[in-house]
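Asker: Dropping a prediction and its sequence here:
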Number of protein chains: 2
Amino acid sequence: MAERRTSPISGENLLFLTDEQLRKGIEAMFFAYRGFTADPDRILEQHGYGRAHHRALHFINRTHGTTVNNLLGLLGVTKQSLNRVLRTLIADGLVESRVGRTDRRERNLFLTEDGRKLERALSEAQRERMRSAYRAAGPQAVAGFRQVLEAMMDDEIRHQYASLRDRRP
Amino acid sequence: MAERRTSPISGENLLFLTDEQLRKGIEAMFFAYRGFTADPDRILEQHGYGRAHHRALHFINRTHGTTVNNLLGLLGVTKQSLNRVLRTLIADGLVESRVGRTDRRERNLFLTEDGRKLERALSEAQRERMRSAYRAAGPQAVAGFRQVLEAMMDDEIRHQYASLRDRRP
DNA sequence: TATTTTATGTCAGCCTTGTTGACATTCCAA
DNA sequence: TTGGAATGTCAACAAGGCTGACATAAAATA
């Protein structure tokens, strides 16, 4: 018994892998995600939009001129679902859809001035919460936060995330 | 300039608060949440259930004998929404609803043997992904992960999370 | 005791956002 | 020239949010 205590190997240093610890992480993810979406949700509501609109605006802003197909991969929904959202955003003048230059079957998507405005309002609200959380937790915690989240992603998504992450803004 | 480099104060050590860094955190949350729910979703689909059922099973399991009202607070939905889910779980024999002993207006909720079985399958799938992410990232990263998530929650939710977190299982 | 409040359940109806399936159009590429 | 890929559109459906209205039982209170 006493020998065990002197050895940091096996058991004791894996306490963070107990079901108990894992459960806390799971519940933290669930509750934190509520906070994560709360602020943009309030803004969206004023415009009669939902989270799907936010996601579309975000990724169109991130990858100017992206194609519908590429967007589908990022969002992980069907084209019919995305199309319904895109249609309203285009009709409302927040998104512009241009016929592709090299491949005219494709549509390249861009935010209009109004679209950029709303996207900025949404992302600024979300960043503000993230900023406050980052500040409260400190840089080392933030590094760990990102590491765990990346390890939690499906492989295919992690690649998409990584190429987006390293893209120049 | 050289003096700046010798001083860790101000500026340089706040790099983790740039909009760029915040954006990476936001996208990481979005993509990671997809992974977080992917495995339970597959199991739920086989039973004809959705995420709402998973959440109900999880929190009934966590707080045996909880009342409907308490559950509403944890889940953050309306009683009508919760009731629809509870009704099917009770009809399917996964949840038992007993009239309160001290206050007979209340209903105390419990998982049946079948309910515990499904809950275990769901949470084991989710824990397995979390375990793998925790293992890949290491204990220090996990501590940071939890810190940032907790800081991200709304105040009221954070209290609920904390009392649940510290509860004996 | 009489009244009000609380906890819960339920019905109806609406919205967003996901799904599948079918079909049309455009147009690149073999 | 023809097959297939990318996109759009229409219809129908389901899950799971929401609100509002109403019923019941029981507790709390005046």
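Answerer: In hand now; what should we look at? The model shown is predicted, which means the values in this text are computed figures rather than measured ones. Numbers count the residues shown, from 1 in each chain, chains lettered A, B, ... in the order given.

Asker: Smallest gap between chain A and chain B, at which residue?
Answerer: The nearest approach of chain A to chain B comes at residue A:144, 2.6 Å away (Cβ to the nearest Cβ). Quick note: C-beta positions are derived from backbone N, CA and C, even for glycine.

Asker: In contact with that residue, which residues?
Answerer: For residue A:144, the contacting residues are B:137, B:140-145, B:147-148, by Cβ atoms under 8 Å, 6 or more residues apart in numbering or on different chains.

Asker: Of those residues, select the buried ones using a PyMOL command.
Answerer: This is how PyMOL selects the buried members of these, with burial counted by 16 or more other Cβ atoms under 10 Å in any protein chain shown:
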select buried, chain B and resi 137+141+142+143+144+145+147+148
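
Asker: So which of the contacts of residue A:144 belong to helices?
Answerer: Among these, DSSP state H puts B:137, B:140-145, B:147-148 in helices.

Asker: between those, which is closest to residue A:21?
Answerer: Nearest to residue A:21 out of the ones in helices among the contacts of residue A:144 is residue B:142 (Cβ to Cβ; 7.5 Å).

Asker: Next up, the contacts around that closest one.
Answerer: Neighbouring residues of residue B:142 by Cβ under 8 Å, 6+ apart: A:16, A:21, A:25, A:144, A:148, B:134.

Asker: Could I get the phi/psi values of the most centrally placed residue in chain A?
Answerer: Geometric centre of chain A, nearest residue: residue A:55, 7.9 Å, by Cα atoms, centre = their mean. In terms of degrees, to the nearest 10, the main-chain angles of residue A:55 are phi -60, psi -40.

Asker: Once you drop chain neighbours, what's closest to it?
Answerer: residue A:75 (5.7 Å; Cβ to Cβ, 6 or more residues apart in numbering or on different chains).

Asker: Could you pull up the contacting residues of that neighbour?
Answerer: Counting by Cβ under 8 Å, 6+ apart, residue A:75 has contacts A:55-56, A:59, A:82.

Asker: Max pairwise distance over these: which two?
Answerer: That would be A:59 and A:82, which, of the contacts of residue A:75, are the farthest apart (Cβ to Cβ) at 10.2 Å.

Asker: so which residue of chain A comes closest to DNA strand C?
Answerer: Closest to DNA strand C within chain A is residue A:50: 1.5 Å, counting by Cβ to the nearest atom of the strand.

Asker: got a pLDDT number for that residue?
Answerer: On the pLDDT scale, residue A:50 is placed at 95.

Asker: neighbours of it, just the number please.
Answerer: By other Cβ atoms under 10 Å in any protein chain shown, the residues close to residue A:50 number 12.

Asker: can you tell me the helix or strand for the nearest residue to it once chain neighbours are set aside?
Answerer: Excluding the flanking residues, the one nearest residue A:50 by Cβ to Cβ, 6+ apart is residue A:44, at 6.2 Å. Per DSSP states H and E: residue A:44 is located in helix A:19-47.

Asker: In that helix, which residues are buried?
Answerer: With burial defined by 16+ other Cβ under 10 Å, the residues of helix A:19-47 counted as buried are A:21-33, A:35-41, A:43-44.

Asker: could you pick out which of the residues you listed are near DNA strand D?
Answerer: Near DNA strand D, judged by Cβ under 7 Å from any atom of the strand, there are no entries from the buried residues of helix A:19-47.

Asker: picking that back up, how about a markdown table for the contacts of residue A:144, with pLDDT added?
Answerer: Below are those laid out as a markdown table (pLDDT from 0 to 100):
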| residue | pLDDT |
| --- | --- |
| B:137 | 97 |
| B:140 | 97 |
| B:141 | 98 |
| B:142 | 98 |
| B:143 | 98 |
| B:144 | 98 |
| B:145 | 98 |
| B:147 | 98 |
| B:148 | 98 |
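
Asker: With distance to DNA strand D as extra columns, can I get the contacts of residue A:144 in CSV?
Answerer: Shown next, in CSV, are those (distance: Cβ to the nearest atom of the strand, whole Å):
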residue, distance to DNA strand D
B:137, 29
B:140, 34
B:141, 30
B:142, 27
B:143, 30
B:144, 29
B:145, 24
B:147, 27
B:148, 24
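
Asker: Confirm for me that residue A:160 is in contact with residue A:73.
Answerer: Yes: proximity of residue A:160 to residue A:73 meets the contact threshold set by Cβ atoms under 8 Å, at 6.6 Å.

Asker: Look at those two and report which has more neighbours.
Answerer: residue A:160 (17 against 14).

Asker: and the one helix or strand that one maps to, how far out from the chain's middle?
Answerer: Per DSSP H and E, residue A:160 falls inside helix A:155-165. Relative to its chain's centre, helix A:155-165 lies at 11 Å (Cα atoms, centre = their mean, to the nearest Å).

Asker: so what does it touch, helix or strand wise?
Answerer: If contacts are counted by 3 or more Cβ pairs under 8 Å, 6 or more residues apart in numbering or on different chains; DSSP states H and E, helix A:155-165 sits against helix A:68-75, helix A:139-152, helix B:19-47.

Asker: how about TSV for those helices, with distance to DNA strand C added?
Answerer: TSV is the format used below for the helices and strands packed on helix A:155-165 (distance: least, Cβ to the nearest atom of the strand, whole Å):
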stretch	distance to DNA strand C
helix A:68-75	7
helix A:139-152	19
helix B:19-47	10
